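**Student:** let's see this in three dimensions:
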Amino acid sequence: MTDVSLISQQKPERGEDQTAEVFLSLGQQILITVLAGGAVLYGILAGPVALLRFFAAAITLFYVVFVGFKLLVATAGAGYRFPRLTLAQDDKNLPTYSILVPMRDETRDGFRRLLEWIDRIDYPKDLLQVLFVVDEDDQSTLNIVRGHTLPAGMELVVVPDVGPRTKPKACNYAMTKVTGERTLIWDFEDRAEVLQLRKAVATLDFYMARDKTVACVQGMLQFWNPRDGLPSVLYWAEYVVHFRWMLTGLARLGLIPPLGGTSNHFLTSALWEVDRQYGATKYQFGSRIITVSNIWDSWNVTEDADLAARLVRCGFTIKMVDTVTFEGAPDTLRKAKNQKSRWLKGFIMTFLVQSRRPIRSMREMGVGHYLAYNLFIGGTPLSFLINPIMWATTALYLASRIFGWEGVTLFIEQLFPPYVYYPAMFVAVVGNFALLYQMLLTPLRQQEHESFQHVPVNAQNQQFGLGWRLFVGVALWWIFTTIPAYKGALELLRTSTRYYWNKTPHDLSGRHEDHILDGGGRQALPAGANSTSSWSGTGEHRRVR
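**Tutor:** Here you go, the predicted model:
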């Protein structure tokens, strides 16, 4: 590793604590100390039972608000209809596009497949810039990319070994090479709809004509292999609920839909405005000066969710686009545990960062946006962390009634007076039933949605007859999800694992992928679409900076 020293950081407008590199700000440390001290003092003065009763009431209030909010958003998402748009017929008016493909520990066969899928994009190739972003220390992946003769418009970006070795840091560095007017993040395992870029252009232009603050449209992720096992089908249903109902519901309500890490189409100028306000970093790298932008939080393991808040705080708005990107779902509980632990750890990171400086954040986001965003981001991992406590309390109470443990029964009843007990029971019965019903109904609602027509026929067939699997597995899945929640929280508390990136392995061999996604051939183009799959263009990309 080359000797690296920090030269300077452009003075950020938003404070040096607006990054996950700072675990807890001074204000948060003081607040936690005061709350913990207050709880201890209250327990001493009023007694431990009164303290536990307060916690039971607080948890019940959280459940009522959080579950109610999720059901409201999901209902809004179910009624969401994407605008009917006509794709551009004149390629001369299309914007230039830069596609960032961050890569780490990838395979030769997977890279070959990636090139094939990028080649399927229906977009003028002379308007595309594709950047394969690889860390300097990842020699195996570098050798794979260098072993291919890349067509014009494709380029390898080697990320200097400075700062954390994370996807957001790699994207931050690669942005200094970007020349397109629009920027897209494309994960290595992505299998995007061939018309996705054209749809994103039309959708973003449509919204920008009505609202100049719109700077990003987000596509929907979906798993192409829900039948690979019980984890796959549950992950598939969870993704459908999240992207089709929750994120579209947030967008419909005018709130902040957290970005999903891939299939995010940005105005490049908006990303540079984020960089300006958050402050780029410069390093002495050998004899060179290395500039690393600060668009994404380089220390956050869910940098996408955090970027959504950054964009809004900088005055921008996020919408959804009616397009699908496929990925392979984790097919084992171990893979699922590692992926979800990173997500939930990152959500806690993001909540800690975005809940700092609340007055300024509310002024920039709007009070409703601020509260809703932090409730969604912070409430998701919190619910998984406290669920086992409430389940255990309920099970113990039922056991005490069945076996006549009167002392245990009376103790638990003291913790749940009527004004706490009835709301808690309502959420436990009605709320959980509604969430379960939402998951069970996913296959049917998915097939009724307009964007289901974009799913290849064989992939559509994968989604039929999954109801009984969901019925059997949803409750077990909720119990299982508490494991990665605690794993992520413990990793966050340890400095050595705080920024550790649990990379999810994907089957990129294509053994089943072609058959499911396009019947063994190319993904079919809709009638009237332009097929521009040849990388023969050599036109220069227009710069935005």
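**Student:** top helix in this structure by residue count?
**Tutor:** Ranked by residue count under DSSP state H, the longest helix found in the chain is helix 367-403.
**Student:** what's the mean pLDDT across the helix or strand just after that helix?
**Tutor:** Next along the chain after helix 367-403, taking DSSP states H and E as the criterion, comes helix 406-415. The average pLDDT within helix 406-415 is 93.
**Student:** mind giving me the packing neighbours of helix 406-415?
**Tutor:** Packing partners of helix 406-415 (3 or more CB pairs under 8 Å, 6 or more residues apart in numbering; DSSP states H and E): helix 48-78, helix 367-403. Placement of C-beta: from N, CA and C, glycine included.
**Student:** and Ala424, helix, strand or coil?
**Tutor:** Following DSSP: H, G, I helix; E, B strand; the rest coil, we place Ala424 in the helix state.
**Student:** and it, how many neighbours?
**Tutor:** Neighbourhood size, Ala424 [other CB atoms under 10 Å]: 22.
**Student:** which residue sits closest to it, ignoring its sequence neighbours?
**Tutor:** Distance criterion CB to CB, 6 or more residues apart in numbering; nearest residue to Ala424, sequence neighbours excluded, is Thr60 at 4.5 Å.
**Student:** per-residue confidence for the closest residue to Leu267 other than its chain neighbours?
**Tutor:** Using CB to CB, 6+ apart and skipping residues adjacent in sequence, the residue nearest Leu267 is Ala215, 4.6 Å away. If you check Ala215, the pLDDT there is 96.
**Student:** same question for Phe326.
**Tutor:** Looking at Phe326, the pLDDT reads 86.
**Student:** low pLDDT regions in the stretch 151-300 of the chain?
**Tutor:** 285 (pLDDT under 70).
**Student:** which residues of it fall in helices?
**Tutor:** 167-174, 196-210, 230-240, 248-252, 268-278 (DSSP state H, counting those that start in this stretch).
**Student:** quick one: the helix or strand that Ala305 is a member of to chain centroid distance?
**Tutor:** Using DSSP H and E, Ala305 maps to helix 303-313. Mean-position distance between helix 303-313 and its chain equals 11 Å (CA atoms, centre = their mean, to the nearest Å).
**Student:** re earlier: hmm, the residue nearest to Leu267 is touching Leu311, no?
**Tutor:** Yes: Ala215 is within contact range of Leu311, at 6.1 Å (criterion: CB atoms under 8 Å).
**Student:** tell me, what's touching the two both at once?
**Tutor:** When CB atoms under 8 Å, 6 or more residues apart in numbering defines a contact, the residues bordering Ala215 and Leu311 alike are Ala270, Thr317, Ile318.
**Student:** selecting buried members of the residues you listed in ChimeraX, what would you type?
**Tutor:** Selecting only the buried entries of those in ChimeraX, with 16 or more other CB atoms under 10 Å as the criterion:
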select :270,317,318
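**Student:** quick one: which of the shared contacts of Ala215 and Leu311 is nearest Gly77?
**Tutor:** Nearest to Gly77 among those, counting by CB to CB, is Ile318 at 14.5 Å.
**Student:** what ranges do the strands span in the protein?
**Tutor:** 4-9, 97-103, 128-135, 154-159, 182-185, 191-192, 214-223, 264-267, 281-285, 288-292, 317-327 (DSSP state E).
**Student:** tell me the contacts of Ser361?
**Tutor:** Arg313, Gln354, Ser355, Tyr370.
**Student:** farthest pair within those?
**Tutor:** Arg313 and Ser355 (12.7 Å).
**Student:** which residues touch the residue nearest the centre of the chain?
**Tutor:** For the chain, Gly260 is the residue whose C-alpha lies nearest the centre (CA atoms, centre = their mean; 3.0 Å). Shown in contact with Gly260 (CB under 8 Å, 6+ apart): Gln218, Leu221, His242, Phe243, Leu247, Asp304.
**Student:** same question, Phe66
**Tutor:** Leu375, Gly379, Leu382, Ser383.
**Student:** could you redo the last one with a cut-off of 7 Å?
**Tutor:** Leu375, Gly379, Ser383 (CB atoms under 7 Å, 6 or more residues apart in numbering).
**Student:** confidence score at Val455?
**Tutor:** For Val455, pLDDT reads 63.
**Student:** then Gly346?
**Tutor:** pLDDT, read off for Gly346, is 95.
**Student:** do Ala395 as well
**Tutor:** For Ala395, the model assigns a pLDDT of 93.
**Student:** again, but for the one 3 residues further on
**Tutor:** Predicted confidence (pLDDT) for Leu398: 93.
**Student:** counting neighbours, what do you get for it?
**Tutor:** Count around Leu398 with other CB under 10 Å applied: 12.
**Student:** measure it to Ile412 for me?
**Tutor:** Distance of Leu398 to Ile412, given as CB to CB, to the nearest Å: 10 Å.
**Student:** kindly report the same for Lys487.
**Tutor:** 29 Å.
**Student:** now Phe54
**Tutor:** 15 Å.
**Student:** between those two, who's got more neighbours?
**Tutor:** Ile412 (20 against 16).
**Student:** got a markdown table for the contacts of Ser361, with neighbour count too?
**Tutor:** Shown next, in a markdown table, are the contacts of Ser361 (neighbours: other CB atoms under 10 Å):
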| residue | neighbour count |
| --- | --- |
| Arg313 | 23 |
| Gln354 | 25 |
| Ser355 | 18 |
| Tyr370 | 23 |
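**Student:** can I get the residues you listed in CSV with pLDDT and distance to Lys282?
**Tutor:** As requested, the contacts of Ser361 are exported to CSV (pLDDT from 0 to 100; distance: CB to CB, whole Å):
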residue, pLDDT, distance to Lys282
Arg313, 95, 23
Gln354, 95, 26
Ser355, 93, 29
Tyr370, 96, 32
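**Student:** for Leu142, state which of the residues you listed is nearest.
**Tutor:** Gln354 (35.0 Å).
**Student:** ok, back up a step: for Lys345, find the nearest of the helices and strands packed on helix 406-415.
**Tutor:** Per CB to CB, nearest to Lys345 of these: helix 367-403, 7.9 Å.
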